[in-house]
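In: sequence below, structure please.
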Amino acid sequence: MRYSEKYLVHLIGLLMGLLIFFPFRQVNAQVISPKYEMRGVWVATVANIDWPSKPGLKVKEQKKEAVDIIEHCKELGLNTIFFQVRPASDVLYRSELEPWSKVLTGEAGKDPKYDPLQYWIEQAHIRGIELHAWINPYRASMNLKVDLPAKHPFHRQPELFVEYGNKLYFNPGNPQSNEHINKVVKELVQNYDIDGVHMDDYFYPYPVKDKVFPDSVEYARYGSSAFDDINAWRRHNVDNTIQSLQLTIRSVKPWMQFGVSPFGVWRNKSDDPRGSESRAGTTNYDGLHADVLLWMQNKWIDYVVPQLYWGTSHPVANYNHLSDWWNENHSGVPVYIGHGVYRVGSDKPDWQDKSQLPYQMRRVRTYPNLNGNVFFSYKHFKRDLMGFQDSLVNQFYTNRALVPHMDRKKPIENNTEVIKLKANSRRIKWKADKADASTRFVIYLYSPTEAFNPDSAHMIQDVSYDNKYRLPKKNSRLKKEYLVRVAALNRYGAEGAYSQPLLLKY
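Out: Below you'll find the predicted structure:
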């Protein structure tokens, strides 16, 4: 055998060994950068977790913190912010129904002298980032010992509420609770140019040891004649909330997304053959009375973000097993995996391993029915995550991606077309024929030596909510020739016709 042949055999053997050591789904996923991918982060305001850093900051300080967060998200390559606007029947926007949150001024019900949600929307959209308003449907007070502000709905309708685990909750078993929640969401959707409404894992509260949720009176009044099991009735109540909220949202803005980020275990296989290989003590179905599987099957939600905050060696809730389960049980609804970046660096072996989160992300990209990632929570991106931020910027998110709206794409109406494309240095402007208020734009930038391929993620420069765009500064003073194209993108996620290419030097 000649030297070259020996070398070739050796190389093939080495590659085969790598494929055995690193399964194909791990190796190949590293280089795949899809055009459509959720890249989100939760910005929590309850107890000032992420923003503002503390209550009582001046308006200009709150605004600076907001811009710093949004710009950092842009730098990391994220495309969606899930901003908590209603932590517990208190709000971070102007409302006729509920009081201002104390996380802003330190005093519940006190006007912060500006509209935080409106500011977040404007600043996120300037940077081409979607903003989904994150609400909590049933939680009404974080602490029973704290007085409620005058505008709190408890003072108008105390019969809607129950006390449980030192907190106050809307009673899901009272039909008027659902009516109020729908009014809250309708007001929010009508008044703000948000891109979605988002709810997390708090439906019926997590069980408190030796405490029974106090809804027996409502069960006797509203549920016992139709449901032999109080737990089935509770699930029905949450189902009704989800279904009615979807109808409310679509009646106002039919393009708007409605999504949920449930606890990561729907149900254990030991309790239901449809369940996952897990042994969780609390599950969505049995503990929180949230039948997410039913919601996906009935298309009551537009996306789901299961919170898989565990590692690959967890004995009870294993990340690998659960990501398999969600991939197999998507029911045609986009699934984005929720990752617990807050766990990085904790004392568990999985989270002492800097490869844990990159592995989880690579795994997501290999599944046909998992469509991206969302991270909890933002503030942890400001600390050392064992190089994870660098992994995002230099490996996973080197190219931009559009937010998937795969289950509800609707063609651009009246064939919206970008026309009169102009460029002056770094500034690009255009007009859009027959565009409406819900139209955004995708900017493509590529070399004149390349054939235009809009399905190639590396050609996506950015997304704009305006009919103009400013290219970012380059480190090099050397200008190169590029072709730029722009396409309309409606709120359903569908692209219109691509503009004619324009040559520019940048």
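
In: all contacts plus neighbour counts: C-alpha atoms, from now on.
Out: Fine.

In: my read: Leu308 touches Tyr319, true?
Out: Yes - with contacts counted by CA atoms under 8 Å, Leu308 reaches Tyr319, the gap being 6.4 Å.

In: does Val103 count as helix, strand or coil?
Out: helix (DSSP: H, G, I helix; E, B strand; the rest coil).

In: which helix in the chain runs the most residues?
Out: For the chain, the longest helix by residue count, based on DSSP state H, is helix 230-252.

In: what sits up against that helix?
Out: 172-173, 178, 182, 185-186, 189-190, 203, 219, 223-224, 227, 256, 258, 285-286, 289-291, 295, 300-301 (CA atoms under 8 Å, 6 or more residues apart in numbering).

In: mean confidence for it?
Out: Here helix 230-252 scores 98 as its mean pLDDT.

In: need the next SSE after that helix, C-terminal direction.
Out: Next along the chain after helix 230-252, taking DSSP states H and E as the criterion, comes strand 257-260.

In: give me the helices and strands touching that next one, please.
Out: Counting contacts by 3 or more CA pairs under 8 Å, 6 or more residues apart in numbering; DSSP states H and E, strand 257-260 packs against strand 196-199, strand 303-304.

In: who touches the last one?
Out: By CA under 8 Å, 6+ apart, the surrounding residues in contact with strand 303-304 are Gln257, Phe258, Gly259, Val260, Ser261, Pro262, Val333, Pro334, Val335, Tyr336.

In: residue ranges with poor pLDDT in the protein?
Out: For the chain, applying pLDDT under 70 flags the ranges 1-31, 412-415, 437.

In: swap the cut-off to 80 and go again
Out: 1-32, 406-416, 434-438 (pLDDT under 80).

In: can you list the domains in it?
Out: Each domain of the chain is listed here as a residue range: 1-30, 33-396, 413-505, per automatic domain parsing.

In: export those domains as CSV, with columns for distance to Asp407 and mean neighbour count.
Out: Shown next, in CSV, are the domains of the chain (distance: least, CA to CA, whole Å; neighbours: other CA atoms under 10 Å):
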stretch, distance to Asp407, mean neighbour count
domain 1-30, 23, 12
domain 33-396, 6, 19
domain 413-505, 9, 17
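
In: and Gly259, bridged to which residues?
Out: For Gly259, the beta-bridge partners under DSSP bridges are His198, Tyr303.

In: these two touch, right, it and Asp195?
Out: No - using CA under 8 Å, Gly259 is not in contact with Asp195; the gap is 11.0 Å.

In: find residues that contact each of the two.
Out: With CA under 8 Å, 6+ apart as the test, Gly259 and Asp195 reach no residue in common.

In: Ile419 reaches Trp430, doesn't it?
Out: Yes - using CA under 8 Å, Ile419 is in contact with Trp430, at 6.2 Å.

In: ranges for the strands of the stretch 51-200 of the chain?
Out: 80-86, 130-135, 139-141, 161-164, 167-170, 196-199 (DSSP state E, counting those that start in this stretch).

In: quick one: residues in contact with the last one.
Out: The set of residues that contact strand 196-199 without belonging to it, under CA under 8 Å, 6+ apart, is 82, 131-137, 256-261.

In: again with the fifth one
Out: Outside strand 167-170, the residues within contact range by CA under 8 Å, 6+ apart are Tyr138, Arg139, Ala140, Ser141, Met142, Asn143, Leu144, Leu160, Phe161, Val162, Glu163, Ser177.

In: residues contacting the last one?
Out: Meaning Ser177. Contacts for Ser177 (CA under 8 Å, 6+ apart) come out as Leu160, Phe170, Asn171.

In: quick check: Pro153 touching Glu96?
Out: No - contact criterion CA under 8 Å: Pro153 and Glu96 do not qualify, at 10.6 Å.

In: what residues are up against Tyr204?
Out: Tyr138, Pro172, Gly287, Leu288, His289, Ala290.

In: so which helix or strand takes in the third one?
Out: By that I understand Gly287. Under the criterion DSSP H and E, no helix or strand holds Gly287.

In: just list the residues touching it, thanks.
Out: Contact analysis of Gly287 by CA under 8 Å, 6+ apart lists Tyr204, Tyr206, Pro207.

In: the last one now?
Out: The contact partners of Ala290, by CA under 8 Å, 6+ apart, come to Phe203, Tyr204, Arg235, Val238, Asp239, Asn284.

In: try the fifth one
Out: Contacts for His289 (CA under 8 Å, 6+ apart) come out as Phe203, Tyr204, Asn231, Ala232, Arg234, Arg235, Val238.

In: what does the second one give?
Out: When the contact criterion is CA under 8 Å, 6+ apart, the partners of Pro172 are Tyr138, Asn178, Tyr204, Arg234, Asn237, Val238.

In: ditto for the fourth one
Out: Listed by CA under 8 Å, 6+ apart, the contact set of Leu288 reads Tyr202, Phe203, Tyr204, Pro205, Tyr206, Pro207, Thr282.
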